[in-house]
Structure formats: structure tokens, C-alpha cells
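Visitor: I'd like to go over a predicted model; first the sequence, then the structure.
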Amino acid sequence: MSQPDPDAWRTQVRQWLATVLEPVRAQETTGEAAGLAVFHNLPGAEERLLLERCRAYQRARFDAGYQALTLPRDKGGAGLTAAHAAAFAQEESAFEVPPSTELISVTVRLVAMAVSLFGTAEQRHEYARAFLRTDLLACQLFSEPGAGSDLAALRTRARQEDGGDWVVDGQKVWTSGAQFADFGLLLARTDPDVVKQAGITAFLVPLDASGVEVRPIRQMSGGASFNEVFLTGVRVPDRLRIGRLGQGWEVATTTLGFERTASGSGNRRKGGTFTDVLALARSLGRTDDPLIRQRLADLYVRTALRAATVDRVARTSASGGRPGPEASLTKLMASDLLTRTGQVAAELMGARICADTGEPGTFAWTQHLLGAPGYRLAGGTDQIQRNLIGERVLKLPPEPRVDRVPFSQISGN
Ligand SMILES: Cc1cc2nc3c(=O)[nH]c(=O)nc-3n(C[C@H](O)[C@H](O)[C@H](O)COP(=O)(O)OP(=O)(O)OC[C@H]3O[C@@H](n4cnc5c(N)ncnc54)[C@H](O)[C@@H]3O)c2cc1C
């Protein structure tokens, strides 16, 4: 099927956006990636409110046909090119998009994609569609206390009973948004007797099922947006298995590719951007300070480089609706930028940053500063991204490993 001309399509997107969103106030339009940390540290009630605003926008986007732009049509996507997705993101950056939450991003950009690509037609119809529309929310039940970077070491077990149902026992950790989620995309060991990657299967687990217990973890920023999830004798019907038996590792690595792309591209969200730091410097009367000017220029260059790299990687690396290994580059650049942005804000504010809670309508830099380090870990740590770049992008010899499985097949979440 032929693709719509990107320029004509862009005009159509802009017109649609104007019907559902307010334009961004003039000085804010930079199209830059923003402070991912902002949505990760909110207290419960605030996060819930944000979630509902964000869901309303995602629903409108789905209904207008602008969700899952690069996913193939036969998998439920719009079947468009990376150039169309880039054009949409650019147009969107000129509007007041409700700041996303971690859970929305995981639902729409990770779990919905995995279910679309690996699920059956029924699963796509019943679940992927509902995830893309955010009618149902889903978290990512991958990491365990003994399985983070080495995700394939996971020990949560799923055993199949005679009737076909699975019974799951184990523990997951750092599960973002589990307390608000309807489902979790779970990785579980279904065969302990084969090489560890080959014995994993993926499932969608209803989080209200008997035997699921979600315990929030309090973060240093005050919020509690991620959780421990305990699974004790949880029954999961076979119709909620995603992909073939033993295909869980492929589901995992593909989902993680989507996660790196999502973290690297960082939809424009309110707060924590270069523009915000610049505005902060201006409001504090510090823009004539030579050292601050150096720091601002450095941040600006890194912001521009990240944006250009995201664009280039999206155009050249993805295939069949799946991200390529170069997504690790953008994830690394984005988490580095978040940290540096927070550091410059902290330099500008000095001791005042300790008491910065954000006035109504402004951005709380404390949250950004305390949340940014987490993004060097989430979706695979900085070291893991560099290992992936070495092995899968530069094709360097694999890391020496006891089990002799190439790093690209064991690098985790
Ligand atoms: C904000 C946030 C949100 C998260 N959300 C989720 C979620 O929703 N769902 C989920 O499943 N998980 C989630 N996680 C977990 C995240 O994926 C893990 O924290 C991450 O994969 C690292 O695993 P770990 O914490 O067990 O650290 P470890 O794997 O124990 O690593 C410890 C240190 O050793 C280094 N290291 C380990 N192996 C290597 C190696 N081979 N080469 C070089 N260095 C290495 C790591 O880089 C790290 O510095 C989240 C984490 C954070 C911080």
C-alpha cells in the first residue's frame, strides 16, 4: 500500500492536533526531549490525575489513527515510515501534550508493541488494541532480585497443568506502575532444563488475579511509582501466553528494543528540558555569567545531537516495525542528557534546589535531579547499553562469558 506524502500528511496531523490540544506558548517550542524524571516521582494522587489526562489524549490519538505509526498494518499499526513518525513527533511538540506517565509509556510503547508483534489475532484484537487506546494499562514484569542486567537468569516459574492453565510462582521487582496496571507482561521460566534463554515464555498476567501482591517501593524523591510484585500460585490461562512456548527471550529483547527507543526519543513532556534550564538561568539573572553560558551552550549542543541521532536511528535502524540495536545509542544519550540537565539546574539554584518543590505551573528541579540517575539503569544500564553497542552495532567480539552465549542474547532489561 502506498504511503501518504509526508508533507501533506504533516498538515493533516497539525490540523488534527489543533482540534484536541492547545498550542504551546511561543517561547517553549523547541521540539526537544524533556525530563523523563518528571513523571516518575509524583505522589499517588497527582500521578493518578496525570494518568487520566494522558489517557484521554492517547484515546483520541488512537481513534484518529495516529497510534503505532510504524507498526505494520497486519499487526494493527498504521504501517507508516519513520519519516512519518518523526513528522508526527515534530508537530506534536508544538502543542501542550499532557505529560506522559511511566505506565502510559510502558503500556503504549512497549507492551502494546510486543502483543501486536507476537500475539495472535485474537490477542491483538482484545488486548493490543486496548493497550494502544490505554483502555487497559500494562506494566513490564521482567526484572527480578537476581535478574536485572542478566535478565535471562530469571527464576519465576510457570508450570502447565493438565487442563492447559499455567501456575506462576516467583517475584518481580522495580515494576513501574504496577499499582495502577490491569495486566503485566510477564517473563517466566517454563523449561529449566534447556539453555537459560531458551526456557523462557511470555504471558499477560491480570494483576487482579488471586495470588498477585503488589508492594510499592518508596523512592528517595518521595514518590512510590515502582513496586515489588509477588506471584504465588497465580493461575494464567494458556490463551494469555504471548508467542510460542520458549519464545519469551525474543519477546523480551524486542520489548527492550522498544524501551530503549522510547527512553531515547523521550516525547516532549513538561519540565526538565534545555528550554527550562535556559528559562531558569534567565529568571535568576545568570545568563551573563561566563561559566553558566559555557554550561548552557554545552547542554544545547548535546540536546541538538541527541535529537539528530534519534531521527537518524529511527530512519536507518528499524525494520519490520522493530527497533534496531542502535536504539542503545539514543538511550545512552538521553539518560546522559537528563543527568547533565539536572546538574546545570542544581548549579544555577545552589542550595535552593533542596527546597524546590515547583511552584504551581513551574517545574520542580529536585524531582528531576533525584529521578535522573534511575534512567541510567531503567531499560538496561549505561554499561549494558555500551556492551550492546560493542557487540551488536560495532560487531566486536562478544564479552567472555561462562555460558558462552553472546552478550546480545543475555543483556537484560
Ligand atoms: C526508574 C526505573 C524503572 C524501572 N522499571 C522497570 C519495570 O517497569 N520493569 C522491570 O522489569 N524492571 C524495571 N527496572 C529495573 C531495571 O531494568 C534494572 O534495574 C536494570 O536492568 C539493572 O538491573 P539491576 O538493578 O538488577 O542491576 P544489576 O544487573 O545487578 O547491575 C549492577 C551493576 O553492574 C553492572 N553490570 C551488570 N552486568 C554487567 C556486564 N555484563 N557488563 C558491565 N556491567 C555490568 C550494571 O551496569 C550495574 O552498574 C527499572 C529500574 C529503574 C531504575
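Guide: That came through, no problem.
Visitor: Give me the helices and strands touching the longest helix along the chain, please.
Guide: Of all the segments of type helix in the chain, defined by DSSP state H, the longest one is helix 290-316. The contact analysis (3 or more CB pairs under 8 Å, 6 or more residues apart in numbering; DSSP states H and E) places helix 290-316 against helix 82-92, helix 248-265, helix 274-283, helix 327-349. Using the backbone N, CA and C atoms, a C-beta is placed for each residue, glycine as well.
Visitor: can you do 7 Å?
Guide: Secondary structure elements in contact with helix 290-316, counted by 3 or more CB pairs under 7 Å, 6 or more residues apart in numbering; DSSP states H and E, are helix 82-92, helix 274-283, helix 327-349.
Visitor: And these: which comes nearest residue 258?
Guide: When the helices and strands packed on helix 290-316 are compared by CB to CB, helix 327-349 sits nearest residue 258, at 8.2 Å.
Visitor: buried residues in the closest one?
Guide: Neighbour-count burial for helix 327-349, counted by 16 or more other CB atoms under 10 Å, picks out 327-342, 344-349.
Visitor: hang on, isn't residue 160 packed against residue 188?
Guide: No - in this structure residue 160 lies outside contact range of residue 188 using CB atoms under 7 Å: 10.9 Å.
Visitor: ok, the two, which is more surrounded?
Guide: A count of neighbours by other CB atoms under 10 Å puts residue 188 above the other of residue 160 and residue 188, at 27 against 15.
Visitor: so the one helix or strand that one maps to versus helix 248-265, what angle?
Guide: Assigned by DSSP states H and E, residue 188 belongs to strand 183-189. Using axes from the mean of the first three to the mean of the last three CA atoms, to 10 degrees, the inter-axis angle of strand 183-189 relative to helix 248-265 is 130 degrees.
Visitor: What count of nearby residues applies to residue 253?
Guide: Using other CB under 10 Å: residue 253 sits among 21 other residues.
Visitor: Bridged to whichever residue of the stretch 201-350 of the chain sits closest to the ligand, which residues?
Guide: Closest residue of the stretch 201-350 of the chain to the ligand, CB to the nearest ligand atom: residue 226 (5.4 Å). Beta-bridge partners for residue 226, by DSSP bridges, are residue 176, residue 217.
Visitor: Nearest residue to residue 206 in space, ignoring adjacent ones along the chain?
Guide: In space, and not counting its chain neighbours, residue 206 is closest to residue 183: 5.8 Å by CB to CB, 6 or more residues apart in numbering.
Visitor: Same question for residue 145.
Guide: residue 173 (5.5 Å).
Visitor: you'd agree the one you found is up against residue 143?
Guide: Yes - counting by CB under 7 Å, residue 173 touches residue 143, with 5.5 Å between them.
Visitor: Break the chain into its domains for me.
Guide: The chain resolves into domains spanning 6-136, 139-247, 252-393 when parsed by automatic domain parsing.
Visitor: Out of these, which is closest to residue 399?
Guide: Nearest to residue 399 among those is domain 252-393 (6.2 Å), distances taken as CB to CB.
Visitor: ok, how many other residues are close to the residue of the stretch 1-150 of the chain at minimum distance from the ligand?
Guide: Proximity of the stretch 1-150 of the chain to the ligand (CB to the nearest ligand atom) peaks at residue 148, 2.0 Å away. Close neighbours of residue 148, defined as other CB under 10 Å, add up to 19.
Visitor: Can you get me a residue count around the residue of the stretch 201-350 of the chain closest to the ligand?
Guide: Around residue 226 there are 23 residues (other CB under 10 Å).
Visitor: Tell me, what's the model's pLDDT at it?
Guide: According to the prediction, residue 226 has pLDDT 89.
Visitor: Any residues of this protein in contact with the ligand? List them.
Guide: Within reach of the ligand by CB under 6 Å from any ligand atom, the chain has these residues: 40, 139-140, 142-143, 148-149, 174-176, 226, 374, 377-378, 380-381, 383-384, 387, 412-413.
Visitor: Among these, name the ones in helices.
Guide: Using DSSP H, the residues of the chain next to the ligand in helices are 383-384, 387.
Visitor: follow-up on the earlier one: ranking the helices and strands packed on helix 290-316 by mean pLDDT, which is last?
Guide: Across those, helix 82-92 has the smallest mean pLDDT, namely a mean of 87.
Visitor: Can you give the distance of the helix or strand following that helix from its chain's centre?
Guide: Counting by DSSP H and E, the element after helix 82-92 in chain order, helix or strand, is helix 102-105. Here helix 102-105 is found 7 Å from its chain centre; the criterion is CA atoms, centre = their mean, to the nearest Å.
Visitor: Contacts only, for the residue nearest to residue 206.
Guide: Contacts for residue 183 (CB atoms under 7 Å, 6 or more residues apart in numbering) come out as 136, 138, 204-207.
Visitor: Could you identify which of these has the most neighbours?
Guide: Counting by other CB under 10 Å, top hit in those: residue 138 with 29 neighbours.
Visitor: In this structure it contacts residue 181, no?
Guide: Yes - the pair residue 138 / residue 181 is scored as a contact, 5.7 Å apart, by CB under 7 Å.
Visitor: What residues sit buried inside stretch 67-86?
Guide: So, applying 16+ other CB under 10 Å, buried residues of stretch 67-86: 67-71, 75-86.
Visitor: Return the residues in contact with residue 346.
Guide: Neighbouring residues of residue 346 by CB under 7 Å, 6+ apart: 353, 369.
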